[in-house]
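Peer 1: Sharing a sequence plus its predicted fold:
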Amino acid sequence: MMIVGAPRRVDAPSAASGSATGTPRCSSSSIGCHTSRRPATAAPGHRGAAAPRRRPAQTAKRCVAGVDVTDGYRDPGASRMVGHVFEDVMAPSAGLYGVFAEQPGGGSVAGVVLTRAALRADRMQAIARDLAAPTTGFVVLNPPFDDELPIRFFSPQQEMDACGYVTLAAATALREAGHWTAPGTGTLIAAGGRYVLTLTTDARLDVPIRDHRVISDDDGRAIGATLDLPLADWPCEVIATGLRHLVVPIADDAALSAFAPDRTLAEHLGAVHGVDTIGLISKHRAHDALRLRDLCAPVGDLEEPASGTTSAAVTYFTHRHYGTSQLVVRQGEDMGRPSLLRTTIRADRVVEVVGVAQPILTGALH
C-alpha cells in the first residue's frame, strides 16, 4: 500500500470518533505493526486529572498503512524520531520515495532500506517482494564512516547490479536520517560500480560510462522488426553504466508514444543482446527534450517511468552522434507517471543525472 505525499504525523483517534473502540489491524509480512488502546484520562488542567505518564514507544505504537508510528510518547533509549515517524533504532528503516517526478504522482517509486547489519540475500529478496516497488536498495550503515557505503539492489524478481533512481533515493534517505548532510557528497558502492552523489537542494548522481558497442545494421533491422517500430538513421548501441542498456532510436515520436510493450518480446531482446534494459528514444514533440521509454523486463518491471542509468546511457549516445553535452529526458508520460530528468556529460565520460526524491512513506521494518 502506498500513501502519496510527504510523511505526516498521525494523531491518535479521539474517543468521540468511536475509533478507540476497535483495534487497528494490519497484515504485512515485512513491516511490523503493533497496536494498543490508550486508557481514558481526564484532560490536563481539569479536576482529578491524572499526571501525564511517559510510556515506552512500543506500547504507544499504532498501525498506519503497515508502518509503526507513535502518538508522541516515546522512551528516548528505545526509539528516535525521523521526520514525523518514531522508529526503533535497532530495527532497519524502510521507505518508499518518488524520484524524478515532474508532478505529483509522477516518477519512479523506489524502495530504500537502511540497516546496521548486512541482511541475507534471500531476506532482501523477500523484503523487495513485500515492498513491491520496482526496485529496492539496501544500504548497510557503518557510522562514523557513512560517507562511503555499500548498497545492493533487488527487484521483486531478482538482484540487480545498479539502479540510478534508487541510488538517488537512498542518498535522500541517508540525508533525512542524518547520516549524510547537504550540501555535501557521499558514495554508494554497488556491484555495478562506485556512484558519487552530490547533495544540495536536489541530488546529483555521477554515472560513469563503462563501455559501448555498436549493433550491426542487420541486427538493428531485426530489432525494429521485433518491436514493430520504425528505426531512425542512428545505429542501435549497447551502453554499459553498471547495467547494460540497448539504446534503440525510433524515427516517429507518435509511434513510440503509442507503442504497447510486450514482456515476452522485451525479455527476448534482453537475452539476444545480453542487456538489462531496452531504451527506446525519439525526439520529443516539445522539441526541447528526448522521449525515453525504458523496457526493464529482463530484470524487473516491463517498463519504468523514470530511469537514471538509462538516461545516462542515452546522454552518452546523443553526445556521440550529435555532440550535445546536456540533455532533457522526458519519460513516463505514456504510463501516466510523467518524469523529467536533466543530464550533463563531462569530459571524463561521466554523466551527471540531476533529480529530486520525495518521501512517500517511511517507517521501521520488522
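Peer 2: Received it, and whenever you're ready, just let me know what you need.

Peer 1: So, low pLDDT: which residues of the stretch 201-350 of the chain?
Peer 2: 286-288 (pLDDT under 70).

Peer 1: Gly111 bridge partners, please.
Peer 2: For Gly111, the beta-bridge partners under DSSP bridges are Leu96, Thr136.

Peer 1: what about it, distance to Gly220?
Peer 2: Going from Gly111 to Gly220 by C-beta to C-beta, to the nearest Å gives 35 Å. Yep, even glycine has a C-beta here, placed from its N, CA and C like the rest.

Peer 1: more neighbours, these two?
Peer 2: Counted by other C-beta atoms under 10 Å, Gly111 and Gly220 do not tie: Gly111 has more neighbours, with 27 against 18.

Peer 1: so is the nearest residue to Ala297 once chain neighbours are set aside in a helix, a strand, or just coil?
Peer 2: Spatial nearest neighbour of Ala297, chain neighbours left out: Ala266 (3.7 Å); criterion: C-beta to C-beta, 6 or more residues apart in numbering. Using DSSP: H, G, I helix; E, B strand; the rest coil, the secondary structure recorded for Ala266 is helix.

Peer 1: Just to check, Ala266 is in contact with Val299?
Peer 2: No. Contact criterion C-beta atoms under 8 Å: Ala266 and Val299 do not qualify, at 10.4 Å.

Peer 1: you'd agree Ala313 is in a strand?
Peer 2: No. In this structure, Ala313 is helix, not part of a strand, as judged by three-state DSSP.

Peer 1: so it touches Asp276, yeah?
Peer 2: No. Taking contacts as C-beta under 8 Å, Ala313 lies outside contact range of Asp276: 10.5 Å.

Peer 1: For the two, indicate the residue with more neighbours.
Peer 2: More neighbours surround Ala313 than the other of Ala313 and Asp276, with 29 against 24 (other C-beta under 10 Å).

Peer 1: what residues are up against the more buried one?
Peer 2: Contacts for Ala313 were tallied using C-beta atoms under 8 Å, 6 or more residues apart in numbering; they are Ile209, Ile239, Ala240, Thr241, His245, Val247, Gly279.

Peer 1: neighbours of the fourth one, just the number please.
Peer 2: Translated: Thr241. For Thr241, the neighbour count with other C-beta under 10 Å is 29.

Peer 1: residue contacts, it?
Peer 2: Thr241 touches Ala162, Gly164, Gly192, Val207, Pro208, Ile209, Arg210, Thr309, Thr310, Ala312, Ala313, Val351, counting by C-beta under 8 Å, 6+ apart.

Peer 1: From Thr226, how far out is Arg293?
Peer 2: Arg293 is 15 Å from Thr226, where distance means C-beta to C-beta.

Peer 1: Please state the backbone phi and psi of the closest residue to Gly355 other than its chain neighbours?
Peer 2: Nearest non-adjacent residue to Gly355, counting by C-beta to C-beta, 6+ apart: Phe100, 4.4 Å away. Backbone torsions of Phe100, given as degrees, to the nearest 10, read phi 70, psi 20.

Peer 1: Mutual contacts of Ala313 and Asp276, please.
Peer 2: His245.

Peer 1: Off-centre distance for stretch 130-146?
Peer 2: Centre-to-centre, stretch 130-146 and its host chain are 11 Å apart (C-alpha atoms, centre = their mean, to the nearest Å).
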